[in-house]
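1. Would you be able to build a 3D model of this:
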Amino acid sequence: SHVVARAPDDAPRTQATLRVGSRGRAEAGFTANERAGAHWSWRASALVTRRDGVGRALLVDAPREVGQEDEAAGRLALQWRATPALSLRLALDAVRGDNGKTPSTMQIFDPAGYFPSQLGLSEAQLPADPDDSHSGQAELLRQTHGAGGLALTAVWRIGDRLRATLLAGVRESRYAGGLDDDHTLADLASFPERGTARQATVEARLDGRLGGVDLVGGVFVGRERGQTNSGPWVYVEPGGFFDVRQRQHSEALFGHAAWPLDDAWRMEAGLRHTLERKDASAQFDAWSDPTRVQRRGRWGAWTGEMSLLRTVGEAAQAYGTVSTGFQSGGFPPRPFGGPEAFQAFRPTTARNVEAGLKGRLLPALRGSVAVFHTRYDDIPLQVAVPSGSVFVFLTDNGGRATARGLEFEGRWDLGAGWSVTSAF
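-> Residues are numbered from 1 along each chain as shown. You can find the predicted model right below:
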């Protein structure tokens, strides 16, 4: 929940930006940085983004086009240099989005239609352009989201070699939207949804240089409370709702060290232990007794990273990295299958190997190129399990997956203030 904001500095400046692109895309923003007295400075920024949709609602008067994007965001950071060794920074941010529904479509392969005796859906009822919509639920063609946060950062320099940092933040977010899953005027499958979340985090760390070794160590504690409510939903016939609430407590210890091997080679290593506890409950008015279903889970893991780096020329660096990752287990946010579907899934773990080159690759080219191989274990997936004459969708761990590839990002300076940026 920490607000990521660039710290104010002593150089007064104001900058405005305007970007335009395809499909009616336009971005307008500004950044201002000022010094206010001997000990205070501030930095403010704002960005407004708009993009036209890719399709239209053809049968109802919808408030937004399909795929339309409208968002406004702003940040403000205030910094106080209390003493030469102590500084405090307060950062606030807010974002608000009012968008059209995400483009989606439906395909029906059976000439008789999809569930012909119950739904009676056929290809003839779908719009000719898959980006358009034949939905009759105008309210589901609009998706909104908003968030706001506040963070306090305190930095205390201890002598010439050590620095202590404390970060504390709170954040609140909300959204409203849903899905019309049949793409027809008749209300045969629709799922409105609303959600909120509140977070509070504290992180304390100490970094410095001791005996030629750069060290970082710290502790992190976080709490989150969230809720998702879906309904009244429809599937063939009008249904009810489900309501999911969750509380999460996270703790972590971490450390990182970097030391030179000689003038060209450098070694880095890091270790982290993460522990998460989640208490979740759900209520299903159409599947079970109105008493809330209670679930609890606890997961933890050690993860680490080791890197070998070598300076190449005057402004480039080659590196190789081996690391492990961990994503906590949890509970499905949309258990449409009722209490049977509201079961915990296990954590996902990852092992990654990466090698690359970054910095000034050529006299006019600055960027990075990397090759990587990542293996994931216990990825959570939705699976359909037969239950009588229908299917119950469960979230369960799906086994292993592998990702490998080549990445490039760079900027070519053409001179006279011009440059070309590319990535793949």
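
2. Mind jotting down where the strands sit in the stretch 201-350 of the chain?
-> Across the stretch 201-350 of the chain, reading from the start of the chain, the strands by DSSP state E, counting those that start in this stretch fall at 213-230, 234-235, 237-238, 242-260, 265-284, 293-312, 316-327, 348-362.

3. With distance to residue 142 and mean pLDDT as added columns, please give those in a markdown table.
-> For the C-beta atoms, the positions are set from N, CA and C on the backbone; glycine is no exception. Rendered in a markdown table, the data for these read as follows (distance: least, CB to CB, whole Å; pLDDT from 0 to 100):
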| stretch | distance to residue 142 | mean pLDDT |
| --- | --- | --- |
| strand 213-230 | 16 | 95 |
| strand 234-235 | 18 | 80 |
| strand 237-238 | 21 | 79 |
| strand 242-260 | 22 | 95 |
| strand 265-284 | 26 | 95 |
| strand 293-312 | 31 | 95 |
| strand 316-327 | 31 | 95 |
| strand 348-362 | 33 | 94 |
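
4. could these go into JSON lines alongside mean neighbour count and distance to residue 397?
-> Output for the strands of the stretch 201-350 of the chain, formatted as JSON lines (neighbours: other CB atoms under 10 Å; distance: least, CB to CB, whole Å):
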{"stretch": "strand 213-230", "mean neighbour count": "16", "distance to residue 397": "21"}
{"stretch": "strand 234-235", "mean neighbour count": "18", "distance to residue 397": "26"}
{"stretch": "strand 237-238", "mean neighbour count": "10", "distance to residue 397": "33"}
{"stretch": "strand 242-260", "mean neighbour count": "17", "distance to residue 397": "19"}
{"stretch": "strand 265-284", "mean neighbour count": "18", "distance to residue 397": "16"}
{"stretch": "strand 293-312", "mean neighbour count": "15", "distance to residue 397": "12"}
{"stretch": "strand 316-327", "mean neighbour count": "16", "distance to residue 397": "11"}
{"stretch": "strand 348-362", "mean neighbour count": "16", "distance to residue 397": "8"}
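
5. TSV for the ones you listed, including distance to residue 86?
-> Shown next, in TSV, are the strands of the stretch 201-350 of the chain (distance: least, CB to CB, whole Å):
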stretch	distance to residue 86
strand 213-230	18
strand 234-235	59
strand 237-238	61
strand 242-260	24
strand 265-284	28
strand 293-312	31
strand 316-327	33
strand 348-362	34
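
6. Show me where the stretch 1-150 of the chain has its strands.
-> If DSSP E, counting those that start in this stretch is used as the criterion, the strands of the stretch 1-150 of the chain fall at 13-20, 26-36, 40-51, 69-81, 86-100, 142-158.

7. Buried residues in the first one, which are they?
-> What that stands for is strand 13-20. Within strand 13-20, no residue counts as buried by 16 or more other CB atoms under 10 Å.

8. and that strand with strand 26-36, angle?
-> With axes from the mean of the first three to the mean of the last three CA atoms, to 10 degrees as the basis, strand 13-20 and strand 26-36 are set at 170 degrees to each other.

9. other SSEs contacting strand 13-20?
-> Helices and strands in packing contact with strand 13-20 are listed as strand 26-36; criterion 3 or more CB pairs under 8 Å, 6 or more residues apart in numbering; DSSP states H and E.

10. One more pass at 10 Å, please.
-> The criterion is 3 or more CB pairs under 10 Å, 6 or more residues apart in numbering; DSSP states H and E, and the helices and strands that strand 13-20 contacts are strand 26-36, strand 40-51.

11. ends of stretch 125-132, how far apart?
-> Start-to-end span of stretch 125-132 (CA to CA, to the nearest Å) is 12 Å.

12. hmm, who's touching that stretch?
-> Judged by CB atoms under 10 Å, 6 or more residues apart in numbering, the contacts made with stretch 125-132 from elsewhere in the structure are 53-59, 65-67, 103-108, 113-114, 119, 133-135, 182-186, 188.
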